[in-house]
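Peer 1: after the sequence you'll find the predicted model.
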Amino acid sequence: MSDTASNKMWGGRFASGPDAIMEAINASIGFDKRMAAQDIEGSRAHAAMLAACGVISDSDAKAIREGLLTVLSEIEAGDFNFSTALEDIHMNVEARLVELIGEAGKRLHTGRSRNDQVALDFRMWVRDQCDAAIGALEAVIRALLDQAEAGADWVMPGFTHLQVAQPVTWGHHMMAYVEMFARDLSRFRDARVRMNECPLGAAALAGTSFPIDRDMTAAALGFDRPTANSLDTVADRDFALEFLGASSICSMHLSRLAEELVIWSSAQFRFVALSDRFSTGSSIMPQKKNPDAAELVRAKVGRILGAQVGLTMVMKGLPLAYSKDMQEDKEQVFDAADSLMLALAATAGMVADMTANRDSLAAAAGSGFSTATDLADWLVRALGLPFREAHHVTGALVKMAEDRGCDLPDLTLEDMQGVHGEITEDVFGVLGVENSVASRVSYGGTAPVRVREQIARWRAAITQA
Ligand code: ARG
């Protein structure tokens, strides 16, 4: 048993201080100091509201609000002595405030609890991260739009099963990611709307008997309204789970793009060259240029989804309202947010910097009999064959080309007529990849004309937001 004095913030009923192990397991200051700015902003709004409602005097509120700014500047200057004995950021800030301004500081905690305080601070912190994610996603989308625009009509192979399927345009491939990241962006926006209710005033769990004005603090802190049930308010961490959910899906998308960059930058593909700024060398193999940033982006989804699973497990089965388990919410969310922001920034940088190799893309576009579907479609359109039969005839022609080690356009008309007598010279018009992609004009298709429409649509949407 430690013989230190009992905690000065709550130790009135305690005869002795906590055991060192109790202090170690209880303290969150090591990580929740990241919420200092939110804590102080919330406390300043609370003090102003208490004065406006006549709960504390104007002069006390003024002293508190100014004193809190001093505490903030000390923290920002790295000139603050964080104490583990004071457990968390809330009590560290309050204790320092009392040191600085005396009695008035002791009135700050009127009509609130650390339970609504931590719910507020964390919500504000996560809300900031939603804004940061939205901004970072917009940067990724802009980089993809630039790439899409530069190569809106460049041909490349489209894959299914990582086997060449049909030719597509580079612009279309870039725009596929724009769609994914735009959905991610809307998920962060949706989550932000839902979380934007102010917990302050729920107090410990039941509300308070002081005549507080929750609308006032909600408005001062940029919330749409106060939360409506005090028990739910101090027990809820959905907002963090939604942020993690949106982050998990977004990092999964980032991981898919990263994987393509890894594959595409390999010597076997040479579809893109990553910039030196986003590559690394090998300490032993002088020729190497490794896509480490892409690989790390590919990996980040592991810890981000891990955080989502971890926090869900912390919350599962907790009775209402607050339990100390909930202090375990923060570290994983902090780590996930840091990982996501880094992955988004690295992706924006890699995509903006990379150079697509138009010639390699074009050479690969025609390989693997990528226009076989165009040939089958031509047999349907020009000769009136049922699609299943056209599929069969085309299969026979593919086999012929494969046996000869050539591509479909290299077969002669006589070769083709040997398989189906009615085939005419016109067929060669659909075997070229440029014609193939230009023909896919259905809404959402890969034709450059459709791709350019989508680029214009997203450019307008992203700048508007
Ligand atoms: N450090 C605590 C947390 O992060 C603050 C809330 C403490 N509340 C309490 N009743 N002990 O959850």
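Peer 2: It's in.

Peer 1: quick check on the closest residue to residue 410 other than its chain neighbours: phi, psi?
Peer 2: Residue nearest to residue 410 in three dimensions, not counting chain neighbours: residue 401, with 6.9 Å by C-beta to C-beta, 6 or more residues apart in numbering. To be clear about C-beta, it is placed using only N, CA and C from the backbone, and glycine gets the same treatment. Dihedral pair for residue 401: phi -60, psi -40, per degrees, to the nearest 10.

Peer 1: and what of residue 290?
Peer 2: phi -100, psi 140.

Peer 1: ok, residues contacting the helix or strand where residue 217 lies?
Peer 2: In this assignment (DSSP states H and E), residue 217 forms part of helix 214-220. Contact with helix 214-220 is made by 42, 45-46, 48-49, 52-53, 197-198, 200-201, 224-226, as judged by C-beta atoms under 8 Å, 6 or more residues apart in numbering.

Peer 1: centre of the chain to the helix or strand bottoming out on mean pLDDT in the chain, how far?
Peer 2: The helix or strand of the chain with the lowest confidence, counting by mean pLDDT, DSSP states H and E, is helix 428-431 at a mean of 91. Put simply, helix 428-431 sits 43 Å off its chain's centre (C-alpha atoms, centre = their mean, to the nearest Å).

Peer 1: what do you get for stretch 75-88?
Peer 2: Using C-alpha atoms, centre = their mean, the distance between the centre of stretch 75-88 and that of its chain works out at 30 Å.

Peer 1: strands of the stretch 351-465 of the chain, start to end?
Peer 2: 355-356 (DSSP state E, counting those that start in this stretch).

Peer 1: and the stretch 51-200 of the chain, by the same measure?
Peer 2: For the stretch 51-200 of the chain, the strands defined by DSSP E, counting those that start in this stretch cover 155-160, 163-169, 197-198.

Peer 1: any idea of the angle the longest one forms with strand 155-160?
Peer 2: Put simply, strand 163-169 runs at 140 degrees to strand 155-160, going by axes from the mean of the first three to the mean of the last three C-alpha atoms, to 10 degrees.

Peer 1: strand partners (parallel or antiparallel) of strand 163-169?
Peer 2: Partners of strand 163-169 in the sheet, by DSSP bridges, are strand 155-160 (antiparallel).

Peer 1: which other residues reach the strand it pairs with?
Peer 2: Defining contact as C-beta under 8 Å, 6+ apart, one finds that strand 155-160 is touched by 164-170, 172-173, 271, 361-362, 364-368, 370, 433-434, 437, 446.

Peer 1: may I see the buried residues of that strand?
Peer 2: Neighbour counts over strand 155-160 (16 or more other C-beta atoms under 10 Å) mark 155-159 as buried.

Peer 1: how far off centre is it?
Peer 2: The chain centre lies 27 Å from the centre of strand 155-160; the measure is C-alpha atoms, centre = their mean.

Peer 1: number of nearby residues for residue 325?
Peer 2: The number of residues packed near residue 325 is 13, by other C-beta atoms under 10 Å.

Peer 1: that one belongs to a helix?
Peer 2: Yes: using DSSP: H, G, I helix; E, B strand; the rest coil, the secondary structure at residue 325 is a helix.

Peer 1: residues contacting it?
Peer 2: 314-315, 318.

Peer 1: per-residue pLDDT, it?
Peer 2: pLDDT, residue 325: 98.

Peer 1: which parts of the stretch 101-250 of the chain sit against the ligand?
Peer 2: Residues of the stretch 101-250 of the chain found near the ligand (C-beta under 6 Å from any ligand atom) are 114-115, 118.

Peer 1: how about a cut-off of 8 Å?
Peer 2: Proximity of the stretch 101-250 of the chain to the ligand (C-beta under 8 Å from any ligand atom) is limited to residues 113-115, 117-118, 122, 204.

Peer 1: and those residues, which are buried?
Peer 2: Buried by 16+ other C-beta under 10 Å: 113-115, 117-118, 122, out of these.

Peer 1: among those residues, which ones are in helices?
Peer 2: Restricting those to those inside helices, with DSSP state H as the criterion, leaves 114-115, 117-118, 122.

Peer 1: quick one: those as JSON lines, columns for pLDDT and distance to residue 96 too.
Peer 2: As requested, those are exported to JSON lines (pLDDT from 0 to 100; distance: C-beta to C-beta, whole Å):
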{"residue": "114", "pLDDT": "98", "distance to residue 96": "16"}
{"residue": "115", "pLDDT": "98", "distance to residue 96": "21"}
{"residue": "117", "pLDDT": "98", "distance to residue 96": "15"}
{"residue": "118", "pLDDT": "98", "distance to residue 96": "18"}
{"residue": "122", "pLDDT": "98", "distance to residue 96": "21"}
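
Peer 1: give me the nearest residue to residue 189, chain neighbours excluded.
Peer 2: residue 134 is the one closest to residue 189 (C-beta to C-beta, 6+ apart), at 6.5 Å.

Peer 1: now for the one you found: which residues touch it?
Peer 2: Counting by C-beta under 8 Å, 6+ apart, residue 134 makes contact with 185, 188-189, 192.

Peer 1: quick one: which of those is nearest residue 14?
Peer 2: residue 192 (41.1 Å; C-beta to C-beta).

Peer 1: what is the neighbour count of that closest one?
Peer 2: Neighbour number of residue 192 under other C-beta under 10 Å is 21.

Peer 1: nothing else from me, thank you.
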